[in-house]
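> sharing a sequence plus its predicted fold:
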Amino acid sequence: MNSAAPKIRFENVSVSYGGAEPAVRNVSLDIPEGSFTVFVGPSGCGKTTSLRLINRMVLPSEGRVLLNGRDVKEGPAHELRRGIGYVMQSAGLLPHRTVLRNIMTVPALEGRADKNRAMELMELVGLDAGLAKRYPAELSGGQQQRVGVARALAADPEVVLMDEPFSAIDPVVRADLQREVLRLQRELKKTFVMVTHDIDEAVLLGTRIAVFGPGGRLAQTATPYELLTQPADDFVAGFVGRDRGFRALGYVGAERLDTLPLAADPEWVLQVDDDGRPRGWTGSDGVTHAGGTLYVQGDSLRQALDAALSSPSGLGVVVDAQGRAVSLVAPSAVLAAMDAK
Ligand SMILES: Nc1ncnc2c1ncn2[C@@H]1O[C@H](COP(=O)(O)OP(=O)(O)OP(=O)(O)O)[C@@H](O)[C@H]1O
């Protein structure tokens, strides 16, 4: 296949379940190979339906969906789905099967169950090998979802679909799982398509974000940065939220950030340890205060602004890769660097 051609293409796709409004309305969308594409939007705007068009769980009423340039309607559904892993909101594990047998569900159907491969997958998704013989009910929600991810990867699919995979998981575990999935996608370089209604999750994970709006309309497809800085219309701007400007800073490198010498402010003395790592700020009253967040050289402007605003002296500490203080940054310098963009 031509490498420039999209992995998945929606061509003027509409889906009607027979209601007054279509669930998906005239959606055209290209999903590049190896991308992490996120479908995001409020409830009921056609995200899940769109995801299911890819593995043919739903058929278009109009238009077509192509995978590798081929209409997904062609050929048997089971062949199509062999190349597409699917992770659901509730992990959807088979309760009477052990973790290991759950992971091997799809390969076993094809007579290719391989226990060593299943153990490798457990390790890949961060599951302790000791859990292999447990049953789903003996796992936490987060562990079950990891099993769901391992199962989706078991047949070595080229595309992985995930439908709100983290929404039933508590926030701390969710952050862990999000990081793992991001790492997995980068490592495996597969095409991931995920549905969420959480814009922060979309911005965190997505390399491409498709925002769905009321009536199953595709309102915008963009990179996270474009979405935060150039929402296509009022609906997208409202959905993305009010602090989008601040979040967009997370994507802006700080190449042209003006910094100050460590002794720039006579009122405040930066304390450092023997290795030059910051240990706090001593004010003119002689009291030493804990420092704020540190800004590691090369990080985004968002981190630079955070360091400046959280510092008791009002000046953020810039550190090198070894954590040694090298300079200071004022909030005004961050704003100037933003303006220069
Ligand atoms: N099997 C179905 N039969 C009839 N109507 C359906 C069916 N599945 C979805 N719908 C309707 O289609 C519309 C889009 O639903 P869909 O589940 O795709 O939206 P969604 O954006 O994923 O929403 P949510 O975030 O709530 O899951 C909704 O109005 C829904 O009620």
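Looks like it came in fine.
> list the residues that contact whichever residue of the stretch 101-250 of the chain sits closest to the ligand.
Minimum separation of the stretch 101-250 of the chain from the ligand (C-beta to the nearest ligand atom) falls at H197, amounting to 5.0 Å. Placement of C-beta: from N, CA and C, glycine included. Neighbour list for H197: V40, G41, P42, S43, K47, E164, S167 [criterion: C-beta atoms under 8 Å, 6 or more residues apart in numbering].
> again, but for A308
Per C-beta under 8 Å, 6+ apart, neighbours of A308: G292, Y295, G314, L315, G316, V329, A330, P331, A333, V334.
> quick one: secondary structure of the second one?
What DSSP: H, G, I helix; E, B strand; the rest coil gives for Y295 is strand.
> state the distance from it to V329.
6 Å (C-beta to C-beta, to the nearest Å).
> what residues are shared contacts of the two?
Common neighbours of Y295 and V329 (C-beta under 8 Å, 6+ apart) are A304, A307, A308, G316, V317, V318.
> would a markdown table of these with secondary structure, pLDDT and distance to the ligand be doable?
Shown next, in a markdown table, are those (DSSP: H, G, I helix; E, B strand; the rest coil; pLDDT from 0 to 100; distance: C-beta to the nearest ligand atom, whole Å):
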| residue | secondary structure | pLDDT | distance to the ligand |
| --- | --- | --- | --- |
| A304 | helix | 91 | 36 |
| A307 | helix | 92 | 37 |
| A308 | helix | 92 | 38 |
| G316 | strand | 95 | 39 |
| V317 | strand | 96 | 43 |
| V318 | strand | 95 | 42 |
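> can you tell me which of the residues you listed is closest to G216?
Minimum distance to G216 across these is 40.4 Å, recorded for A304 (C-beta to C-beta).
> the closest one touches L294, doesn't it?
No - assessed by C-beta atoms under 8 Å, A304 is found out of contact with L294, at 10.3 Å.
> any chance you could list residues touching both of these two?
Counting by C-beta under 8 Å, 6+ apart, the residues touching both A304 and L294 are G316, V318.
> which of the two has more neighbours?
A304 (28 against 19; other C-beta atoms under 10 Å).
> which residues touch the more buried one?
A254, L257, Y295, G316, V318, V329, A333, V334, A337.
> ok, now S284?
E267, W268.
> change it to 6 Å
E267 (C-beta atoms under 6 Å, 6 or more residues apart in numbering).
> mind listing which of the contacts of H197 are in strands?
Among these, the members falling in strands (DSSP state E) are V40.
> got a pLDDT number for D306?
pLDDT recorded at D306 is 90.
> what sits closest to it if chain neighbours are left out?
T293 (5.2 Å; C-beta to C-beta, 6 or more residues apart in numbering).
> tell me the phi and psi of that neighbour?
Torsion angles at T293 (phi, psi; degrees, to the nearest 10) stand at phi -70, psi 160.
> before we move on, the earlier item: okay if I get the contacts of H197 as JSON lines plus distance to Q322, neighbour count and pLDDT?
Formatted as JSON lines, the contacts of H197 follow (distance: C-beta to C-beta, whole Å; neighbours: other C-beta atoms under 10 Å; pLDDT from 0 to 100):
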{"residue": "V40", "distance to Q322": "38", "neighbour count": "25", "pLDDT": "96"}
{"residue": "G41", "distance to Q322": "43", "neighbour count": "27", "pLDDT": "93"}
{"residue": "P42", "distance to Q322": "46", "neighbour count": "13", "pLDDT": "91"}
{"residue": "S43", "distance to Q322": "47", "neighbour count": "7", "pLDDT": "90"}
{"residue": "K47", "distance to Q322": "44", "neighbour count": "26", "pLDDT": "96"}
{"residue": "E164", "distance to Q322": "41", "neighbour count": "19", "pLDDT": "90"}
{"residue": "S167", "distance to Q322": "40", "neighbour count": "14", "pLDDT": "82"}
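> which of the contacts of H197 are close to the ligand?
G41, S43, K47 (C-beta under 6 Å from any ligand atom).
> the second one and G216: what is the separation?
Think S43. Taking C-beta to C-beta, one finds S43 at 12 Å from G216.
> again, but for Y251
Distance from Y251 to G216, by C-beta to C-beta: 29 Å.
> of these two, which one has the most company?
For Y251 versus G216, the count of surrounding residues by other C-beta under 10 Å is larger for G216: 24 against 16.
> tell me which parts of the stretch 151-300 of the chain are close to the ligand?
V195, H197.
> can you pull out the helices in this structure?
Remark: helices assigned in the chain by DSSP state H are 47-54, 77-82, 99-103, 105-109, 115-124, 141-153, 171-188, 199-205, 224-229, 234-240, 244-248, 301-310, 331-339.
> the first one - contacts with which helices or strands?
Contacting helix 47-54 under the criterion 3 or more C-beta pairs under 6 Å, 6 or more residues apart in numbering; DSSP states H and E are the following elements: strand 159-163, strand 191-196.
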